[in-house]
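Student: Provided below are the primary sequence and the corresponding predicted coordinates.
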Amino acid sequence: MIEFEHVSKRYPERGDALKDLTFRLEAGEMAFLTGHSGAGKSTLLKLIGLLERPSRGSVRVGDDDLARLPRRRIPAHRRRIGMVFQDHRLLAERSVFDNVALPLVTAGMTRDDIGKRVRAALDQVGLLKLERALPLTLSSGEQQRVGIARAVVGRPEVILADEPTGNLDPELSQEIFRLFERFHQLGVSLLIATHDLDLIQSLGHRTLVLKQGRLVADAIPRPAAPEPGPESDPAPAP
Ligand SMILES: Nc1ncnc2c1ncn2[C@@H]1O[C@H](COP(=O)(O)OP(=O)(O)OP(=O)(O)O)[C@@H](O)[C@H]1O
């Protein structure tokens, strides 16, 4: 569960990025976050990952009020969250395996456990055969799947994705969103910031819309009505 209560975020040099946001994402829920460039999407995700702190209001993740989380528990909090970025942020000189292993190495896991977890994560994203490859030898869709494997390798409760398909064509974007839906079916909570309105519309999950830092809509989009065909044309007058 993620809960924002009257959250505002002000960057001293730029002013308000988020204004009085209140919403709740239930455990296991999948939702999209959309809005114009500069609307505050990345800032909202950063508050959940504790990469930024709110200026006002409270953010809760599970039982934790993030403002009261002791410093020593911040690494454990970050491990509950898998982050996926538009630009993958992979280490170019390290193999796919090493990139995915990184969060587990940082967490001090044993080599055996790391091997098992990394291969399971690569299997989930369909990249088991490429574990020795270097990221730059992969397509952008494959690189993004490595980024997703790295995000899920620690078995997070929450996945936050910031424009994960920003660099991908529509077919690869579909593939990435199908992967996210699979994690959703496994019980992971997901909040995905995206500009891809067609995909949002077609998938029919809850969508939060930000405009200049305010939450201006929170609803499940209905699929677009089909264009009226000839059979639905009104009968000609006799
Ligand atoms: N570290 C920062 N320091 C100062 N201002 C920032 C910082 N990060 C974001 N901002 C400002 O906060 C506002 C919201 O930015 P944010 O990146 O959250 O929007 P966004 O909706 O993710 O945009 P985009 O879709 O372009 O990524 C913008 O005006 C931006 O300039």
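Tutor: Arrived safely, thanks for sending.
Student: going by C-alpha atoms from here, please, whenever you check contacts or count neighbours.
Tutor: Noted.
Student: what residues does the chain have near the ligand?
Tutor: 11, 14, 17, 37-43 (CA under 6 Å from any ligand atom).
Student: can you dump the C-alpha atoms of stretch 10-28 in CSV for me?
Tutor: This file holds the C-alpha atoms of stretch 10-28, laid out as CSV (Å, rounded to 0.1, in the frame of the first residue of the first chain):
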residue,chain,number,x,y,z
ARG,A,10,8.8,22.5,-3.6
TYR,A,11,12.3,22.7,-5.2
PRO,A,12,13.8,25.9,-3.8
GLU,A,13,15.1,27.1,-7.1
ARG,A,14,12.0,26.1,-9.2
GLY,A,15,8.9,26.4,-7.0
ASP,A,16,6.2,23.8,-6.5
ALA,A,17,6.6,20.5,-8.3
LEU,A,18,3.7,18.8,-6.5
LYS,A,19,0.7,20.4,-4.8
ASP,A,20,-1.5,18.9,-2.1
LEU,A,21,-1.6,15.3,-3.5
THR,A,22,-3.8,12.8,-1.8
PHE,A,23,-4.3,9.3,-3.1
ARG,A,24,-3.9,5.6,-2.1
LEU,A,25,-2.5,2.7,-4.1
GLU,A,26,-3.6,-0.7,-2.7
ALA,A,27,-1.1,-3.5,-2.3
GLY,A,28,-1.0,-5.5,-5.6
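Student: got the buried residues for it?
Tutor: Of the residues in stretch 10-28, 10, 16-19, 21-22, 25, 27-28 count as buried by neighbour count, 16 or more other CA atoms under 10 Å.
Student: got a markdown table for those residues, with secondary structure and pLDDT too?
Tutor: Shown next, in a markdown table, are those (DSSP: H, G, I helix; E, B strand; the rest coil; pLDDT from 0 to 100):
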| residue | secondary structure | pLDDT |
| --- | --- | --- |
| 10 | strand | 96 |
| 16 | strand | 93 |
| 17 | strand | 96 |
| 18 | strand | 97 |
| 19 | strand | 97 |
| 21 | strand | 97 |
| 22 | strand | 97 |
| 25 | strand | 96 |
| 27 | coil | 95 |
| 28 | coil | 95 |
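Student: quick one on the thing from earlier: next, format the residues of the chain next to the ligand as a markdown table and append secondary structure.
Tutor: Listed next are those as a markdown table, based on DSSP: H, G, I helix; E, B strand; the rest coil:
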| residue | secondary structure |
| --- | --- |
| 11 | strand |
| 14 | coil |
| 17 | strand |
| 37 | coil |
| 38 | coil |
| 39 | coil |
| 40 | coil |
| 41 | helix |
| 42 | helix |
| 43 | helix |
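Student: so who does the closest residue to residue 94 other than its chain neighbours touch?
Tutor: Spatial nearest neighbour of residue 94, chain neighbours left out: residue 134 (6.2 Å); criterion: CA to CA, 6 or more residues apart in numbering. For residue 134, the contact set (CA atoms under 8 Å, 6 or more residues apart in numbering) comprises 92-96.
Student: ok, residue 27 to the ligand distance?
Tutor: 23 Å (CA to the nearest ligand atom, to the nearest Å).
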